[in-house]
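> Provide a 3D model corresponding to the input given below.
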Amino acid sequence: MSIGISYVAGTLRRAGHEVLALHVSELMGYPFVLERILADVRAVAPGLVGISSGYNLYPEMRRVIEAVEGQLGIPV
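Okay, the predicted model is just below:
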């Protein structure tokens with residue numbers, strides 16, 4: 001997980017929010033499979049989803065954003 005998202009998560013936790021992370025990475029055993037990501041987000045039922053990504057993964061993360069907002073109705 002990037003340092004930036006770690007800072008955001010820590011701040012939210014200190015403010016009393018529950019924070020969970022999905023680290024989508026083949027090296028971490030969680031390859032990019034949109035259906036799996038959506039199923040995992042759906043199972044948690046968050047009130048808000050935040051996404052951090054490198055520029056090279058922007059097209060894939062854009063698909064995740066569109067699916068989370070469009071199919072799950074969760075703001076990103």
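
> buried set for whatever helix or strand residue 58 lives in?
Assigned by DSSP states H and E, residue 58 belongs to helix 58-67. Buried residues in helix 58-67, counted by 16 or more other Cβ atoms under 10 Å: 61, 64, 67. C-betas here are computed from N, CA, C, even on glycine.

> quick one: contacts for the first one?
Going back to what we said before, that points to residue 61. For residue 61, the contact set (Cβ atoms under 8 Å, 6 or more residues apart in numbering) comprises 51, 53.

> mind doing that once more with 10 Å?
24, 32, 51-55, 76 (Cβ atoms under 10 Å, 6 or more residues apart in numbering).

> of all these, which comes closest to residue 42?
Among the contacts of residue 61, residue 76 lies closest to residue 42 (Cβ to Cβ), at 13.9 Å.

> and the closest one, how many neighbours?
Counted with other Cβ atoms under 10 Å, the neighbours of residue 76 add up to 15.

> go ahead and confirm it touches residue 69.
Yes. At 5.6 Å, residue 76 and residue 69 qualify as touching, with contact defined as Cβ atoms under 10 Å.

> about what we covered before: any chance of the buried residues of helix 58-67 in a markdown table with pLDDT and distance to residue 8 as columns?
Rendered in a markdown table, the data for the buried residues of helix 58-67 read as follows (pLDDT from 0 to 100; distance: Cβ to Cβ, whole Å):
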| residue | pLDDT | distance to residue 8 |
| --- | --- | --- |
| 61 | 94 | 16 |
| 64 | 96 | 17 |
| 67 | 97 | 22 |
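
> nearest to residue 39 among those?
The shortest approach to residue 39 among these belongs to residue 67, at 11.1 Å (Cβ to Cβ).
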